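Colleague: Following is a predicted model, sequence given first.
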Protein chains: 2
Amino acid sequence: MATALSTSVADTCRAARRAARELAQIDSARKDAALSAITRALIERTDEILAANALDMELGREAGLGDALLDRLALDASRISMIARAVQDIVALPDPVGEVIEGRRLPNGLDIQRVRVPLGVVAVVYEARPNVTIDATALCVKSGNAIVLRGSSMATHSNATLAQIAAQAAVAAGLPEGCIGLVSGGGREELAQLASQNDTVDLIIPRGGEGLKAALQEVATVPVIYAASGNCHIYVDATADLERARAIVLNAKTQRPGVCNAVETLLVHESVLAGLLPGLLGALGDAGVLVRADERVRAFADILSEERTTLGEGRRHCEVAIEPATEEDWATEYLALTLAVGVVDSAQEAIEHISRYGSGHSEAILTRDTDAARAFQLGVDAACVYVNASTRFTDGGEFGMGAEIGNSTQKLHARGPIGLRELCTYKYLVSGDGHVRG
Amino acid sequence: MATALSTSVADTCRAARRAARELAQIDSARKDAALSAITRALIERTDEILAANALDMELGREAGLGDALLDRLALDASRISMIARAVQDIVALPDPVGEVIEGRRLPNGLDIQRVRVPLGVVAVVYEARPNVTIDATALCVKSGNAIVLRGSSMATHSNATLAQIAAQAAVAAGLPEGCIGLVSGGGREELAQLASQNDTVDLIIPRGGEGLKAALQEVATVPVIYAASGNCHIYVDATADLERARAIVLNAKTQRPGVCNAVETLLVHESVLAGLLPGLLGALGDAGVLVRADERVRAFADILSEERTTLGEGRRHCEVAIEPATEEDWATEYLALTLAVGVVDSAQEAIEHISRYGSGHSEAILTRDTDAARAFQLGVDAACVYVNASTRFTDGGEFGMGAEIGNSTQKLHARGPIGLRELCTYKYLVSGDGHVRG
């Protein structure tokens, strides 16, 4: 591969730092032109990307990767075209750099502005999917940051080719050499090296599972924004519109169960058990959802089951599999068609439960009671708190921020979707005409 | 002291966490009433504070503390009254909690708001000065955060009494028990314990020297906002108004040399050496400043000296002591009446110098050239970049943020003064009427 890709971790980061100083001052038009050049290069050089990807796929099959992992790794012309189009979506977003966040004249006449500026060098550490190579690069370039990429060893060839194509196109379009760097080698040693380049790297964003996060937490001295897991809750309050509630719970659980904003625990006010559960359990069962329920839910389901059997109404609601929930279930992010269901006696009890087990990602209350909605929004400490909507909306795209590079459950710097603005810091620009402090 | 103060570090932090959940929901009026109660209690119980302080002073004298440290430690009725008044200044500031930072209706009709909320539990680790106990407490209470204080062992009795008075007044005024906690014992073991309470502490802010920061960096797993040193520069450009330049340099160096926003290095464009130095060196000499200069400055000073001796103009400018600057000088935060002075041939060279040696705190250009001003503001990567003003203005009070708890040279979360808003995070509140994701 390119010589740039065989340099050491420290060299790659130093080159990125040098590039970052220049990149921070480049105007939107030139950054957008470079991104468009990347789009074109990806399309024009599709065959190279496919050849590199075929090599990764072959090695992956030899290594015995499962079908799901191979599918995440696989590229074809249509996927490459989607990756290229996603870059153009980022071109269309407003440039965050230079935005005056606030400004005023101080009593002494000094003019002060707080202005958004790039962080500098952002390292993105990610697993399998090669599209992240380009998505993350586009977000960093647009926000004026140099990027250091470190992908999975499984996608070595695909990532190297994608990064090389992007870097060549960007530099040809006038961006500084080194602004898109790739750390080759997926080993833990490279990760540890990258995670300790405090002089040259401003932020590390991991995109991957808990294993990657644990590995980083052990070695990182550079600041990291961790996206903790999304153990998301929906609480159906006493006054909820139950028809809406069924639709929202079904959506939040089944529309895409493998993502962090899918609901994992449903809390139901005891007074609406009878109204909500019969229809909801049937619909969940139809969607293939396994329910892990507390005692009160199970007792209710048993009664239901008996009644219906007696009345000959059939087994519709029995089609859902119900197992007992253990303490562990309340803390589990299933990322699968499994839903924990528990009963609470008040909105306050729901808030307590979420405070104890939630991961601070996305939490929803379904209610018609303004007091309950307000108490929930005030009392739940999470990145996103919903009233009468599915938790599935937590997403940079849905929130109107354009693309996102991850989703933060931290409280410092960025909380919720990490978009272009969250890849920036700010500085104070202060102007006077000879001001001295008295 | 109070039983609350003899509990373990983990217990204190857990109590603060519990308090924080309640405190986050308390309205401004109640927080302000509690702060006013603290003000009154400090005045009413001045004798207790003085007694505790006398004990610390006695132990300090026995331990052989120097006069400067003893002065930092000493309290009297007037200093206590100042501490109490500073709390009232914080009462007068707007409450940052609940501020809608931005909000809009999404295309699908969801209403989304980004709202400022407290971080939760803030730990403040500080050295000697007992007033920090109250200053930091007032800032945290106002911003809805519980605080865990860990002061220096030298001020154990003063800090314990101040924290106890504040906690009792706050709780009597309706704030939750545990919202103001103090970790007693100034040992490194307590520090390490405090710095690893990830489940209960959201942020640690150290206020102290490099030793404290190094100690924290070794043990902290909780996020820390470090205030790096302020190696601040003033660059006098070719077109600068030289009379203003003299006044600004003098102000930035001598008005309060021991603080982080004082200037440490002066960079002078070669074309204004002759215009600037004669008067400036004299004034610096009069103010007792030692100059550590590069070769070109020294050569120029020699010529000056010879000329004046020849012309019999006296030794005015010779009164300033000039020593050769070493490589180390450019990187040194003197915090004293010493100034490194170097010559550059362009604004770009000044920017390069600052990029290499600066600590990202406060940097100034003095110029009449708009292009140079713009290049400097764009090219210098620091928390505060000044045009035609003294670096001494970097301060939460001066910036109109009210009080500050420190000054950050980090890029993540908070850069520059850390005021009430910087002690907050945000959450997204999203409201719909049954919205599901398609």
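Modeller: Yes, it's here.

Colleague: can we go C-alpha only for contacts and neighbour counts from here?
Modeller: OK.

Colleague: Tell me the buried residues in the least confident helix or strand in chain A by mean pLDDT?
Modeller: Across the helices and strands of chain A, the lowest-confidence element by mean pLDDT, DSSP states H and E is helix A:295-311, at a mean of 83. Across helix A:295-311, burial judged by 16 or more other CA atoms under 10 Å in any protein chain shown covers A:Val297, A:Arg298, A:Ala301, A:Leu304, A:Ser305, A:Arg308.

Colleague: Just the closest of the residues you listed to chain B, please.
Modeller: A:Val297 (23.9 Å; CA to the nearest CA).

Colleague: ok, the closest one - contacts?
Modeller: Each residue near A:Val297 by CA atoms under 8 Å, 6 or more residues apart in numbering or on different chains is listed here: A:Leu273, A:Val341, A:Gly342, A:Val343.

Colleague: tally of neighbours for the first one?
Modeller: Neighbour count for A:Leu273, taken as other CA atoms under 10 Å in any protein chain shown: 18.

Colleague: nearest residue to the residue in the stretch 301-438 of chain A that chain B sits nearest to other than its sequence neighbours?
Modeller: Closest to chain B within the stretch 301-438 of chain A is A:His413: 3.7 Å, counting by CA to the nearest CA. Spatial nearest neighbour of A:His413, excluding adjacent residues (CA to CA, 6 or more residues apart in numbering or on different chains): B:His413 at 3.7 Å.

Colleague: Same check on A:Thr161?
Modeller: A:Ile49 (6.1 Å).

Colleague: Quick one: classify that neighbour as helix, strand or coil.
Modeller: helix (DSSP: H, G, I helix; E, B strand; the rest coil).

Colleague: how about the contacts of A:Val297, which pair is most distant?
Modeller: Maximum pairwise distance among the contacts of A:Val297 (CA to CA): 10.9 Å, between A:Leu273 and A:Val341.

Colleague: what about dumping the CA coordinates of stretch A:400-413 to PDB?
Modeller: The C-alpha trace of stretch A:400-413 is given here as PDB (Å, rounded to 0.1, in the frame of the first residue of the first chain):
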ATOM      1  CA  GLY A 400     -31.100  17.600  12.100                       C
ATOM      2  CA  MET A 401     -27.400  17.600  12.800                       C
ATOM      3  CA  GLY A 402     -26.600  15.800   9.600                       C
ATOM      4  CA  ALA A 403     -24.400  12.800  10.000                       C
ATOM      5  CA  GLU A 404     -23.000  11.600  13.300                       C
ATOM      6  CA  ILE A 405     -19.700   9.900  14.200                       C
ATOM      7  CA  GLY A 406     -21.100   8.300  17.300                       C
ATOM      8  CA  ASN A 407     -23.400   8.800  20.300                       C
ATOM      9  CA  SER A 408     -22.100   9.900  23.600                       C
ATOM     10  CA  THR A 409     -23.500   8.900  27.000                       C
ATOM     11  CA  GLN A 410     -20.800  11.000  28.700                       C
ATOM     12  CA  LYS A 411     -21.700  14.300  30.300                       C
ATOM     13  CA  LEU A 412     -18.500  16.200  29.400                       C
ATOM     14  CA  HIS A 413     -18.000  17.900  26.000                       C
END
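
Colleague: List the buried residues of that stretch.
Modeller: A:401-413.

Colleague: okay if I get those residues as a markdown table plus secondary structure?
Modeller: Putting the buried residues of stretch A:400-413 into a markdown table (three-state DSSP) gives the following:
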| residue | secondary structure |
| --- | --- |
| A:Met401 | coil |
| A:Gly402 | coil |
| A:Ala403 | coil |
| A:Glu404 | coil |
| A:Ile405 | coil |
| A:Gly406 | coil |
| A:Asn407 | strand |
| A:Ser408 | strand |
| A:Thr409 | coil |
| A:Gln410 | coil |
| A:Lys411 | coil |
| A:Leu412 | coil |
| A:His413 | coil |
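
Colleague: Give me every residue in the stretch 101-250 of chain A lying close to chain B.
Modeller: Residues of the stretch 101-250 of chain A lying close to chain B by CA under 8 Å from any CA of the partner chain are A:Leu106, A:Ile112, A:Leu119, A:Asp202, A:Arg244, A:Ala245, A:Ala247, A:Ile248.

Colleague: Who are the contact partners of the residue nearest to A:Thr161?
Modeller: Here A:Ile49 is in contact with A:Ser158, A:Thr161, A:Leu162 (CA under 8 Å, 6+ apart).

Colleague: what residue ranges in chain A score low on pLDDT?
Modeller: Low-confidence segments of chain A (pLDDT under 70): A:1-6, A:128, A:185-186, A:308-318.

Colleague: Can you get me the centre-to-centre distance for stretch A:57-71 and its chain?
Modeller: 25 Å (CA atoms, centre = their mean, to the nearest Å).

Colleague: With stretch A:127-136 instead?
Modeller: 13 Å.

Colleague: Can I get that stretch in CSV? Just the C-alpha atoms.
Modeller: Below are the C-alpha coordinates for stretch A:127-136, written out as CSV (Å, rounded to 0.1, in the frame of the first residue of the first chain):
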residue,chain,number,x,y,z
GLU,A,127,-14.4,-2.2,13.9
ALA,A,128,-15.1,-4.1,10.7
ARG,A,129,-17.4,-1.9,8.6
PRO,A,130,-15.1,-0.2,6.0
ASN,A,131,-17.6,2.6,5.3
VAL,A,132,-16.6,4.2,8.6
THR,A,133,-13.2,5.0,7.0
ILE,A,134,-14.9,7.4,4.7
ASP,A,135,-17.8,8.6,6.9
ALA,A,136,-15.5,9.5,9.7
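
Colleague: now what about it, what contacts it?
Modeller: A:69, A:72-73, A:83, A:86-87, A:124, A:126, A:149, A:151-155, A:158-159, A:162-163, A:166, A:207-208, A:405.

Colleague: just the CA coordinates of stretch A:200-211, formatted as PDB?
Modeller: Output of stretch A:200-211 as PDB, limited to C-alpha atoms (Å, rounded to 0.1, in the frame of the first residue of the first chain):
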ATOM      1  CA  THR A 200      -0.500  15.200  18.700                       C
ATOM      2  CA  VAL A 201      -3.900  13.700  19.200                       C
ATOM      3  CA  ASP A 202      -6.700  15.800  20.700                       C
ATOM      4  CA  LEU A 203      -9.500  13.200  20.900                       C
ATOM      5  CA  ILE A 204     -10.100   9.500  20.300                       C
ATOM      6  CA  ILE A 205     -13.600   8.300  19.300                       C
ATOM      7  CA  PRO A 206     -14.100   4.600  19.500                       C
ATOM      8  CA  ARG A 207     -16.700   3.000  17.400                       C
ATOM      9  CA  GLY A 208     -17.100  -0.600  18.400                       C
ATOM     10  CA  GLY A 209     -18.200  -2.900  21.200                       C
ATOM     11  CA  GLU A 210     -17.500  -3.100  24.800                       C
ATOM     12  CA  GLY A 211     -14.200  -5.000  24.200                       C
END
